[in-house]
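Chemist: Pasting the sequence and the predicted model now:
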Amino acid sequence: PVVVIDPGHGGIDIGATSKHGEQEKNIVFEFARALQAKITAEGRLQAILTRNEDIFLPLNERVKRARDNNASLFLSIHADTLAEPHVEGATIYTLSSKASDLEAAHIAEKENLADQSAGLERKEDTEDVSDILFDLTRRETHNYSRDFSKILISKWKDAGSLNKNPSRSAGFVVLKAYDVPSVLLELGYLSSEKDLSRLTSSQWR
Ligand code: ZN
């Protein structure tokens, strides 16, 4: 089975920035590479990165890479900032048309702006497929995504710090592959000093 790991942002799109200048695109890339190495060393799964260097990649292209590689799982890695410096810990997002809460809506809105930072126009989803098989596949995929999210949260509890509300959902463009289970992992917040010291530590990774 193939896991496609997606380090968010890249190139001209730097993502979030900490007040000390650390950039999200670099932090999530380092994490993705460490995760890929770990999975490869275990030998049970194949781990492929959507980007292997510091380049810009449109959101739809990330989804396409998951589908082209017949991925069993797509894992998008991010680390955003919040106005509240005391909020910390990892959050796992799945796709939903209606956001689970205000913060989820806000984070999805910010992450969906990635394409615009490189000058790409945002295309609204015009796909209107009413095929029943398509619908069934999408529903099944969604259930797998939620299952994986639950497993990840239960494992992460032992390995790292979780947000108070670690399971959320919103309309992330990058999670829209209808046939690849997809979750978005916000590793933590660059606005939290605690998270930042973890995220920039190779030992923590
Ligand atoms: Zn991001």
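Modeler: Now that the structure is in, tell me what you want to look at.
Chemist: What distance do you get for H142 to E53?
Modeler: H142 is 32 Å from E53, where distance means CB to CB, to the nearest Å. All C-beta atoms are positioned from the backbone trio N, CA, C, and that covers glycine.
Chemist: give me the low-pLDDT residue ranges for this protein?
Modeler: When residues are selected by pLDDT under 70, those of the chain lie in 121-130.
Chemist: H142 and E53: who's more crowded?
Modeler: H142 (18 against 8; other CB atoms under 10 Å).
Chemist: packing partners for the helix or strand hosting that one?
Modeler: Element membership for H142 (DSSP states H and E) is helix 132-159. Judged by 3 or more CB pairs under 8 Å, 6 or more residues apart in numbering; DSSP states H and E, helix 132-159 is in contact with strand 90-95, strand 162-170, strand 182-189.
Chemist: Let me know the helix or strand that the one residue in the chain that gets nearest to the ion is in.
Modeler: Going by CB to the ion, the ion is nearest to H78 of the chain, at 3.4 Å. H78 is part of strand 73-80 when elements are defined by DSSP H and E.
Chemist: Pull the distance from that strand to the chain's centre.
Modeler: Taking the mean of its C-alpha atoms, strand 73-80 sits 2 Å from the chain's own mean (CA atoms, centre = their mean, to the nearest Å).
Chemist: Tell me the helices and strands packed up against it.
Modeler: Secondary elements touching strand 73-80 (3+ CB pairs under 8 Å, 6+ apart): strand 2-7, helix 24-42, helix 59-68, helix 102-112, strand 182-189.
Chemist: Out of those, which gets nearest to A170?
Modeler: Evaluated with CB to CB, those place helix 102-112 nearest to A170, the distance being 3.6 Å.
Chemist: Mind listing what's buried along the closest one?
Modeler: 103-105, 107-108, 111-112 (16 or more other CB atoms under 10 Å).
Chemist: List the contacts of the nearest residue to S169 once chain neighbours are set aside.
Modeler: Take S169 and drop its neighbours on the chain: the residue closest to it by CB to CB, 6 or more residues apart in numbering is S96, 3.7 Å away. Counting by CB atoms under 8 Å, 6 or more residues apart in numbering, S96 touches 169-171.
Chemist: Could you export these to a markdown table, including columns for neighbour count and distance to P7?
Modeler: Listed next are the contacts of S96 as a markdown table, based on neighbours: other CB atoms under 10 Å; distance: CB to CB, whole Å:
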| residue | neighbour count | distance to P7 |
| --- | --- | --- |
| S169 | 25 | 22 |
| A170 | 24 | 20 |
| G171 | 18 | 21 |
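Chemist: Tell me, how many residues neighbour L35?
Modeler: L35: 19 neighbours (other CB under 10 Å).
Chemist: now S154
Modeler: 10.
Chemist: and what of T17?
Modeler: If you count neighbours by other CB under 10 Å, T17 ends up with 14.
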